[in-house]
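Chemist: Just need the structure, nothing else, for what follows:
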Amino acid sequence: MDEEQKLKWSARSHHEVAHKTAMLWQLADSAFPAGGLAHSQGLEASMQSGRVQSTAELKTFSFEMLQLQAASSLTFLAAAHADPSLSNILSVDATCEASLVSNHVAHKASVAQGKGFLAAAAITYPEYGLKNIKMQLFGSPTFVGHQAVVVGLVCSVLGLELKDSKRLFLFMAL
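Modeler: I've put the predicted structure just below:
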């Protein structure tokens with residue numbers, strides 16, 4: 001590769017990185033209409049019960065909540081990210097559904113946030129075919145729309161790396 005080709009490759013590579021970084025910031029923005037405020041992860045109840053009364057306790061609560069989210073949700077995100085095919089997404093979503101069915105509040109929040117995220121991403125990034133994906137999934141009688149699955153799917157379709165997708169998900173959980 002000659003110097004001119006190296007410069008073109010470097011400029012294109014830099015542009016792609018900047019574009020993907022901008023996408024991450026947009027998806028993480030609290031103004032992105034994805035239903036991110038549908039669930040406090042139990043913070044209100046913890047404050048009312050007296051478990052969280054200080055800044056130190058809030059930090060502990062936040063750290064424990066992120067550990068729980070990482071342990072319980074990132075596997076689903078990674079599975080959806082690795083294979084964004086319709087059949088795989090429906091399968092991973094069904095497995096996620098089975099893991100959350102007994103926790104009504106978390107279940108309801110996960111579905112609201114997942115479907116909201118997919119709807120907003122489909123409008124924001126039409127050039128990636130997300131509108132068609134959304135229509136196929138929303139038209140499926142077995143699609144529930146859990147947040148971890150949908151974030152993995154959307155990030156994969158947008159070409160975002162798995163590590164960045166996981167960070168986005170955990171950031172959204174806060």
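Chemist: residue ranges with poor pLDDT in this structure?
Modeler: 1-12, 35-43 (pLDDT under 70).
Chemist: in it, which spans are helices?
Modeler: Under the criterion DSSP state H, helices of the chain are mapped to 3-28, 43-48, 55-82, 86-100, 104-124, 130-138, 147-157, 162-173.
Chemist: Tell me which of these sits nearest to Ala34.
Modeler: Among the helices of the chain, helix 104-124 comes nearest to Ala34, with 4.0 Å by CB to CB. Where C-beta positions appear, they are placed from N, C-alpha and C, glycine not excepted.
Chemist: what distance separates that closest one from the centre of its chain?
Modeler: Centre-to-centre, helix 104-124 and its host chain are 9 Å apart (CA atoms, centre = their mean, to the nearest Å).
Chemist: tell me what that helix is packed against?
Modeler: Helix 104-124 sits against helix 86-100, helix 130-138, helix 147-157, with contacts defined as 3 or more CB pairs under 8 Å, 6 or more residues apart in numbering; DSSP states H and E.
Chemist: Leu170 is nearest to which of these?
Modeler: Going by CB to CB, the one of the helices and strands packed on helix 104-124 nearest Leu170 is helix 147-157, 10.1 Å.
Chemist: Just the CA trace of that closest one, in PDB.
Modeler: Extracted C-alpha coordinates of helix 147-157, given in PDB (Å, rounded to 0.1, in the frame of the first residue of the first chain):
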ATOM      1  CA  GLN A 147     -34.400  -4.400  26.100                       C
ATOM      2  CA  ALA A 148     -31.100  -6.400  26.300                       C
ATOM      3  CA  VAL A 149     -32.100  -8.400  23.100                       C
ATOM      4  CA  VAL A 150     -33.200  -5.300  21.200                       C
ATOM      5  CA  VAL A 151     -30.100  -3.200  22.200                       C
ATOM      6  CA  GLY A 152     -27.900  -6.100  21.000                       C
ATOM      7  CA  LEU A 153     -29.800  -6.400  17.800                       C
ATOM      8  CA  VAL A 154     -29.800  -2.600  17.000                       C
ATOM      9  CA  CYS A 155     -26.100  -2.200  17.900                       C
ATOM     10  CA  SER A 156     -25.200  -5.100  15.700                       C
ATOM     11  CA  VAL A 157     -27.200  -3.800  12.700                       C
END
